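Student: Got a predicted model here, sequence first, then my questions.
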Amino acid sequence: MEMKSCPGYQMAGIAAGLKKNNAKDLGLIYSEVEASVAGVFTRNKIQAAPVLLDKERIKSGVCQAIVANSGNANCCTGEKGIQDALHTARLAASGLGISEDRVLVASTGVIGEALPMDKVEGAIPDLIGALDPNGVADFAEAIMTTDTVPKIVSRHGELDGVLFTITGVAKGAGMIQPDMATLLCFVITDIKAKPDKLKEMLRAATDNSLNRITIDGDTSTNDTVLLMANGISEALVNDADQTATFQAVLDDVLITLAKQLVKDGEGATKLVEIVVKGASSYDDAQQIANTVANSNLLKTAFFGEDANWGRILMAVGRAGVPVDPDTIDVYFDDVLMVQNSVGCGKAAENKATQVLKKSEFNVTIDLKMGNGNASVFTCDFSVDYVKINADYRS
């Protein structure tokens, strides 16, 4: 089924031979006019060449194209990696007839291997030739690595009587951890906004979505979120009311993508929201939620559908923030499993086990200490996660 991305944009995805299975691995987003742009990047101290290049170029606040590849991260590749990223952008700019500094790049895949530039050079003309207003599905497929399904979300809104569109595309199924855990995510819209306003809204939306997910506790070297706004619709985002209207739709797009990422976690069978209530502060609640969500012991229990609530309290206790060890309640959905840090018995455990059989459920931890609340989306750990990552390079 054809899917139109967003007015004023064209997208493409082709197979350039970067992957061994001849799958699509090179993608392009092109705005027919120059667009305002904002970005959020990995906080990992080891950063890939595309991240370093984009962080410099995005300072201009203007972009017109993004080239993204899968199958190779172009990370830990030294000066050659930087030159390859620059050359990729240069090739795309030349073919599109736009300024080189208006092209951003992104990569995902194996770390430590040089980008095969002969294949990239040979494929860029075909990539540009494949550009299509309905090319979002091809682009989404081209940025996938261990993903099993593409992640695409499109929403519409209205600003002062003018309709606008936001379309987001993301990839990621492993190496995902809060702290700008988004792997690769590209959001395009036809609203008109200044780069500083875009960055403010993107940061808020990211904190509320992509920074609330974890699959395996690892943060990639290549994590990149880019938001382009080309102004084609002439819907303006400037004042407080306009910002709030657009922010709500942007939040919806990124939260939906975030959930799709976790549901497609490597080998995942369950999407679980860890909710922490009643902490002394938001920061404490977030720290506990992250610790619980990243507990390998708990994630394996989720996979085994074992209501092992002791692993939850263990994780709460090692989160590094003050808690009262005698007042904690734990719910699986609406089933009270633990009250005041004591299990509620076999009947409650049997009900909780039924909750664990669902593909999506919540675990709520009530600390009864204050007003700090936070939540994180996580998934279970299955045997397949180990299999996928044991031979990722082969």
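Tutor: Alright, I've got the coordinates.

Student: quick one: contacts for residue 30?
Tutor: Going by CB atoms under 8 Å, 6 or more residues apart in numbering, residue 30 touches 9, 10, 11, 12, 64, 65, 96, 128, 131. Quick note: C-beta positions are derived from backbone N, CA and C, even for glycine.

Student: With neighbour count added, can I get the residues you listed in CSV?
Tutor: Listed next are the contacts of residue 30 as CSV, based on neighbours: other CB atoms under 10 Å:
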residue, neighbour count
9, 26
10, 21
11, 29
12, 22
64, 23
65, 26
96, 18
128, 21
131, 20
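
Student: Filter the residues you listed down to the ones in strands?
Tutor: Residues of the contacts of residue 30 located in strands (DSSP state E): 9, 10, 11, 12, 64, 65.

Student: now the contacts of residue 30 in TSV, with distance to residue 113 and pLDDT?
Tutor: Shown next, in TSV, are these (distance: CB to CB, whole Å; pLDDT from 0 to 100):
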residue	distance to residue 113	pLDDT
9	31	98
10	30	98
11	26	98
12	24	98
64	29	98
65	25	98
96	27	98
128	25	98
131	28	98
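
Student: which of those lies closest to residue 28?
Tutor: Closest approach to residue 28 among the contacts of residue 30 (CB to CB): residue 12, at 4.8 Å.

Student: So that closest one sits against residue 133, correct?
Tutor: No: Residue 12 sits out of contact with residue 133 when judged by CB atoms under 8 Å, with a separation of 10.6 Å.

Student: shared neighbours of the two, which are they?
Tutor: Counting by CB under 8 Å, 6+ apart, nothing touches both residue 12 and residue 133.

Student: Residue 82 versus residue 46, what's the distance?
Tutor: Plainly put, residue 46 is 14 Å away from residue 82 if you go by CB to CB, to the nearest Å.

Student: In the record's domain split, what are the boundaries for the protein?
Tutor: Here the domain parsing of the chain from automatic domain parsing is 9-263, 271-390.

Student: Might you calculate how far the last one sits from the centre of the chain?
Tutor: Pointing back at domain 271-390 there. Remark: domain 271-390 is offset 22 Å from the chain centroid, using CA atoms, centre = their mean, to the nearest Å.

Student: Neighbouring strands - and their directions - for the longest strand along the chain?
Tutor: Longest strand in the chain by number of residues (criterion: DSSP E): strand 26-41. Strand 26-41 has the following strand partners under DSSP bridges: strand 9-14 (antiparallel), strand 62-70 (antiparallel), strand 224-229 (antiparallel).

Student: which of the ones you listed sits most buried?
Tutor: strand 224-229 (a mean of 28; mean count of other CB atoms under 10 Å).

Student: Tell me the first helix or strand C-terminal of that one.
Tutor: Next along the chain after strand 224-229, taking DSSP states H and E as the criterion, comes helix 240-263.

Student: Sheet-wise, list the partners of the helix or strand following that next one with their directions.
Tutor: Using DSSP H and E, the helix or strand that follows helix 240-263 in sequence is strand 271-279. Here strand 271-279 has these sheet partners by DSSP bridges: strand 360-366 (parallel), strand 372-379 (antiparallel).

Student: now for the ones you listed, which one comes closest to residue 152?
Tutor: Closest among those, using CB to CB: strand 372-379, at 18.6 Å.
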